[in-house]
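> any chance you can model this:
(3 chains)
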Amino acid sequence: MGKYQVKLTRRNFVKASAAAAALTYGASHFTGVFEPAAADAAAAQEGVKLVRTVCAPNCVNSCGHLVHVKDNRIIKVEPADFPDNRYKRICLKGISSAMQRTYSPDRVKYPMMRVGKRGEGKWKRVSWDEAYDYIADKIKSMQAQYGDGAMAWMSMTGDYGIFGQLISHRIANVMKGTILTNLGIMGDLASNIGFFPATGMLQDGHPWPDLMNCKLNIFFACNYAETSLNDTRFIWDAMENGMKLIVVDPRFSNTASKADQWIALRPGTDAAMMLGMANVILSKNLHDRQFLAQNTNGTFLVRTDNGRFIKAKDISGGSSDEFMVIDALTGAVRMRSDAGAALSGKITVSLADGSKVECCTAWDLIADYIRQWPVEKASEVCEVPAEVITKLAVEYAATHPAAIRISQGSNRYWQGHQGFRNAILLGAMCGNHGKKGGGVSWAGGTLFKTIAAAPPCWLNPRLDEGYQEKNVVGSHMFEDLPQDKPYPIRGIWFNHYNYGTQMPNYNLFIKEIAPRLELIVVNEQLMNDATTYADVVLPACSWYEQEGELVAAWSNYYFQLRKQCIKPMWEAKQDHTIYAEISERMGYGKYWGTVEDSINEVIDNFLEDRLRDINKKELWETGVTRALYSDDFIPFADQKYFTPSGKLEIYLDYLHDLGESLPVYVEPLESNRKPKAKKYPLTFMNVHSVFTVHSQHATLPWIKEVNPEPRVDISKEDAGQRGIKDGDMVKVSNDRGHVVLKARVMEGIKPGCVNIYEGYWMKQFKEGHLPSLTHMELNPVHDAVFESNYAPYDNLVEVEKI
Amino acid sequence: MSKKYALIIDTKRCVGCRTCTVACKMENNVPLGLARMRVFNPQGNLHFDKPIGVYPNLKMYWTPVPCQHCDNAPCIKACPSGAMHKREDGIVDLDKSRCIGCQYCVWVCPYNVPQFDPEAGVSDKCNMCAQRLDQGEEPMCVLCCPSRAIKFGDLNDPDSEVAKMVNQRSSKVLLPEQGTSPTTQYLF
Amino acid sequence: MHIPYSLATSYLLLGTSIGLVMWFAAGRFIDRDYNHQVWSRILLTAAVLAVLGVIFAILHLGHTERFMNLLANPASWLSREGLFAGAFTGCTVLYFLLIKRSGVEAVKRLDPLLYLAVLAGLGTFICMGMIYASVQAIPTWNTTMVVLIDIFSGLLLGGFLFLVLTGKELPGNIIKPVITGIFLVLLVSLIVNIAYDVQVRMTLSALAAQGVTVPSLTLITLIRVVIGLLVPVYLLGKSFKTKPELAASAFSIALACVLIGEVSAKIMHFMAAVKGPLF
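Model (predicted):
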């Protein structure tokens, strides 16, 4: 902005101190710290209060909002300053949320109790006391009849604050109830199932500014331009800096449209394409043997009879759990040490019982498997031309540093973890892990780190009493709950979860699960598809009404504090308050302090010192502080992984019996090459759009102006075969359900695939509902690592004109 | 030398998110149904974007259209009330208190920028957030653009970022054949 | 495009009024002494139509109370039209009132006012047309044909109204040249309209080729050319030949056709207002 900017800055700097005095508590602290460009103008407006808060509607950006409040009403939001103003940002969703969701006529204004049948939509307004009494009595009677676990809490990620994510955990423990785990049913877990066993981290990624160091970046299933909107600026900066971007996606996504190259693959076959790339790299001998030998568990010896690692104690004379390798110099078996192990080799080992067993290095097993994936075969599976795969593989191997970013698009298949494991393998084969401008990134930032390091004492305030929390896997609900496994669950209290638009197999839930529940309580801001089947709906605060909340981010390493901008609308309360008050009713009031107490307790007890030892004073005063990750932090830069072996574990012996000790590829559950495709030939994706975070913004007036209604994206070819023209009303259906909406006939989607942007409310479809098309099939590999993941894109459907 | 403020739009960075549309509506209290900043897809529509080309050789781009703040603005010439005027800093602004709501500006603008607000009985159009500029702030669309695709500055200042961008990269204006001499320019 | 009905009404009323005054002036030139009663009736009608036209024009504004601002920008064809229309209306009303008060003797003295009204009317026609003809953004308008269309529309409507108001009372020395004149206006109008329709059609198909959605104007074109012009030409031509007595029924049908034609012309004018693609 040249001189204009300079002038602007200087002027504001001078004015800053004057403005500070006039501003309210919320804003006054950071005027001295940051350049208060926005504060300046608003200060001129009489009676306008500025509050810095955080918008975090399950969105990875966690934008700071500078909220302009006049007469207890939000009149404007602007992006709030950060110590690093590359993170000063906002988007259409955040703006619409502040201005229109907060004041939506759909707001849950008072505690409401159902008067008609479930789903009928008849409600009566009750007082908080009545609601609490009803719920408390119900919980008491259910717990007396079926056991403490009969009442369950289930939360989702509707609010990325620490309470938003974890408070249901705490209330369940206070009430001795069940925690219905959400990791799997969320539909994001396959990523972690691929990432965690290899690295020991649920997720980690190179910070966005590191893209400036990158020469080549391959995005597998990343549509950041829609799903991580505010981070895209870093990508375009890097591209202006010479980074080449290749996007692999069945859709010509907004991100793909910006790339140097778009590779359209068959949905869910990322792993096959990567195996083809690995095959090229291996056969051209381009792999980084030293990196593999040094930093992965590829050198560890594996018994060929059972696929397990052989440990020192298995061998005569040995006793420890240490892994065994072949010494590169002597060729003898020995315990691993820092270096000198052979990457490749076969050897017969005498076991403690005197028997002999054939062993080879893990890498040899992986390499053998890769050799089964000649590029032609990979091409046949993923439907990417062989020469494209070959060129990409060579380019990736030859460019240093080169990065892979892989995200949730590929994770939303039943075998979605395989893409992540193979991506990690590719990164290892080319020595890219832990290198500046390289790496294999799956998200990043601090948000998942805070979840992983969340303090047990806060999550379970009965820890001192020796109370063991009761976890029941949420994604197993469809199988287990109707059978009262592992014990009867008769009530669910949902918070931050619009299960009505986001859950798998919606029809099954309504038919099989809901009728078994004697109590469904929902904390919600809006009367939406989550409240439809509830017995009691409790009005929850919007971000802007909350008393306080601690928010981390995927995008960066900042902690931010939410501060109250306006008084709670109508009778809305923050979940923390609701849960504290119901606990009081039940006689468990002593477990709850104030919101501020909770925030302090969480920070003070984080299990990770870089999160715990943050500058709390700065956080409370300015509303933002950086977790103690340095500016040039690169994950795994020291090649230390948080795995049992400390190495990057590309071979997982405990999955051998499930056939997945190696990074393999299997077909998606509802692949379009399976018999079911005869009846339902189209792969149905339901990707995230830039216009809403799940259901949260889909119905707001400004959002509807720029994105009026749902459409099903269908290729010209598929539409032509079905006589469908753009804008025609069509029915998308499979054996689980159907949805009726208009078609968007376009070239931008691979033939054989259809897509509906997810998040639309039931009332936005002409008939039916999107989540009724999806399923919740369990995956034993997922269950062996964490828990089964919801695979929302792994569906077959047929589309017909109506 | 007098100022010549301009919005420079980098189409290579725009991802079609419509944040500019919404941010503008908030800042300027633009009523529902109208927009001062519209983002067009290649089809020339405001929603349901589709790429152009034939699978798999596709292209996608968006064209955010704020007021073009023309040097030869047909709306100013046409406006009978003198409500539409050019400020000294180059901004084409509308004095709503003078506007009679004849909608002539709606017709004459080849970019369809002025829109009639039936509630208020006057036209509504982008004024580069003049009220913010007067406070020393950037236009709202510039401040909020997630991709940093919209730049603002003084074209008459050769050291300004916008002047440099326009000089260094290939830029074009919309509908040059209309002879309107827009100051809003698009980088490719 | 949305059709501003009050504006279209205003143009029809004002155009008719100007046309009427012009034919009146023509009549006065032909026979400087004819019936004062007829004059008074014509001028009253013209004045009322002009005032109604101005009212309808003001009604079209979003802020009617600020209508004086309309005249603020002399560079704007709209302001110019406002000035001329105001002048025309003022002159016509004044002319009528003065004649009414001063009696038929004053007529010669007041001639300059009539010339002024005619000139202001012509100016109104030109500005009215130029408001649209100067809009570069709308290619179907951006042609001077629009000015001609407006002038002929006014002359046609005004002419027919002139005949309706004076028909049976007019002496043959006036009626003959006036009917000849209207017939000629009709013929030229027919040519101009067909030429303009061809031009609009070509412009629209060029726009359609650029991906712009264009309206289908076939029906309206048919109505305005066949019903609005061809039929009256035929009927008027016929009654012209079978003079001296006007075939009253033929004339009424011709009048109705002209009305239908001119109303549909205005609708088409606004429907055809399509802008080119943005990029």
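> residue numbers of chain B in contact with chain C?
Within chain B, the positions near chain C by CB under 8 Å from any CB of the partner chain are B:40, B:43-44, B:63, B:65, B:74, B:77-83, B:98-104, B:107-112, B:116-118, B:120-123, B:174-175, B:178-179. In this view, the C-beta of every residue, glycine as well, is placed from N, C-alpha and C.
> and the stretch 51-200 of chain A, which residues reach chain B?
By CB under 8 Å from any CB, the residues of the stretch 51-200 of chain A that approach chain B are A:76, A:77, A:78, A:79, A:89, A:90, A:91, A:92, A:95, A:96, A:99.
> which of the residues you listed sits closest to residue A:533?
residue A:96 (26.6 Å; CB to CB).
> shouldn't the closest one be in contact with residue A:699?
No. Assessed by CB atoms under 8 Å, residue A:96 is found out of contact with residue A:699, at 10.1 Å.
> the more surrounded of these two?
residue A:96 (29 against 20; other CB atoms under 10 Å in any protein chain shown).
> in chain B, which helix is the longest?
helix B:19-28 (DSSP state H).
> what's around residue 71, how many residues?
If you meant another chain, say so; for now it's chain A. Neighbourhood size, residue A:71 [other CB under 10 Å]: 9.
> looking at chain C here, not the other one
Per other CB under 10 Å, the neighbour tally for residue C:71 reads 18.
> need the phi and psi values for it.
Here is the backbone geometry of residue C:71 (degrees, to the nearest 10): phi -90, psi 10.
> distance of it relative to residue B:116?
When distance is defined by CB to CB, to the nearest Å, residue C:71 is 21 Å away from residue B:116.
> so who does the residue of the stretch 101-250 of chain C found nearest chain A touch?
Of all residues in the stretch 101-250 of chain C, the one sitting closest to chain A is residue C:213 (13.1 Å; CB to the nearest CB). When contacts are counted by CB atoms under 8 Å, 6 or more residues apart in numbering or on different chains, residue C:213 is found next to residue C:274.
> secondary structure class for it?
Of the three states, residue C:213 takes coil according to DSSP: H, G, I helix; E, B strand; the rest coil.
> returning to what we had before: how about the longest helix of chain B, does it get close to chain A?
Yes. Counting by CB under 8 Å from any CB, chain A has neighbours in helix B:19-28: B:19, B:21, B:22, B:23, B:25, B:26, B:27.
> nearest to chain C, of those?
For the residues of helix B:19-28 next to chain A, the nearest to chain C is residue B:21 (15.3 Å; CB to the nearest CB).
> can you give me phi and psi for the residue nearest the centre of chain B?
Residue closest to the mean C-alpha point of chain B, counted by CA atoms, centre = their mean, is residue B:66 at 1.6 Å. The phi/psi pair for residue B:66 (degrees, to the nearest 10) reads phi -90, psi -170.
> correct me, but it touches residue B:129?
No. Shown here, residue B:66 and residue B:129 do not form a contact pair, counting by CB under 8 Å, at 9.7 Å.
> okay, and the common contacts of those two?
B:24, B:141.
> and what about the closest residue to residue A:730 other than its chain neighbours, helix, strand or coil?
Nearest residue to residue A:730, sequence neighbours excluded (CB to CB, 6 or more residues apart in numbering or on different chains): residue A:743, at 4.8 Å. Following three-state DSSP, residue A:743 is assigned to strand.
> for residue A:743, what are its contacts?
Contact analysis of residue A:743 by CB under 8 Å, 6+ apart lists A:711-714, A:719, A:724-730, A:799.
> for the helix or strand where residue A:480 lies, give me every contacting residue.
Per DSSP states H and E: residue A:480 is located in helix A:477-480. Helix A:477-480 is contacted by residues A:180, A:185, A:472-473, A:485-486, A:504-505, A:508-509, A:512-513, A:776, A:778 when judged by CB under 8 Å, 6+ apart.
> show the pLDDT at residue 231.
Just going to use chain A. What the model reports for residue A:231 is a pLDDT of 95.
> chain C, not that one
For residue C:231, the pLDDT comes out at 90.
> same check, this time on the one 10 residues further on
Among the per-residue scores, residue C:241 shows a pLDDT of 70.
> let me see the contact set for it.
Counting by CB under 8 Å, 6+ apart, residue C:241 has no contacts.
> number of nearby residues for the residue nearest to residue A:636 when sequence neighbours are not counted?
In space, and not counting its chain neighbours, residue A:636 is closest to residue A:434: 4.0 Å by CB to CB, 6+ apart. Residues near residue A:434, counting by other CB under 10 Å, number 21.
> dihedrals phi and psi, residue A:434?
In terms of degrees, to the nearest 10, the main-chain angles of residue A:434 are phi 80, psi 10.
> against chain C, how distant is it?
Using CB to the nearest CB, to the nearest Å, one obtains 46 Å as the distance from residue A:434 to chain C.
> shouldn't that residue be in contact with residue A:441?
No. Applying CB under 8 Å as the test, residue A:434 and residue A:441 come out as separate, 11.4 Å apart.
> now do the same contact list for residue B:88.
Taking CB under 8 Å, 6+ apart, one finds B:2, B:3 in contact with residue B:88.
> am I right that it sits in a helix?
No. Residue B:88 is assigned coil when assessed by three-state DSSP, not a helix.
> tell me how far it lies from residue B:123.
Distance of residue B:88 to residue B:123, computed by CB to CB: 22 Å.
> the helix or strand containing residue A:52 packs against which elements?
Per DSSP H and E, residue A:52 falls inside strand A:48-55. Applying 3 or more CB pairs under 8 Å, 6 or more residues apart in numbering or on different chains; DSSP states H and E, we find strand A:48-55 packed against helix A:25-31, helix A:37-44, strand A:63-70, strand A:558-563.
> break down chain B into its strands, ranges please.
B:5-10, B:38-40, B:52-54, B:57-59, B:63-65, B:84-86, B:92-94, B:115-117, B:122-124, B:150-154, B:171-172, B:185-187 (DSSP state E).
> as TSV, those strands with mean neighbour count, distance to residue C:89 and mean pLDDT would be great.
TSV is the format used below for those (neighbours: other CB atoms under 10 Å in any protein chain shown; distance: least, CB to CB, whole Å; pLDDT from 0 to 100):
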stretch	mean neighbour count	distance to residue C:89	mean pLDDT
strand B:5-10	25	43	97
strand B:38-40	22	40	97
strand B:52-54	12	53	96
strand B:57-59	13	56	96
strand B:63-65	22	40	97
strand B:84-86	20	26	97
strand B:92-94	24	29	97
strand B:115-117	19	26	96
strand B:122-124	25	26	97
strand B:150-154	24	47	96
strand B:171-172	14	47	92
strand B:185-187	21	46	96
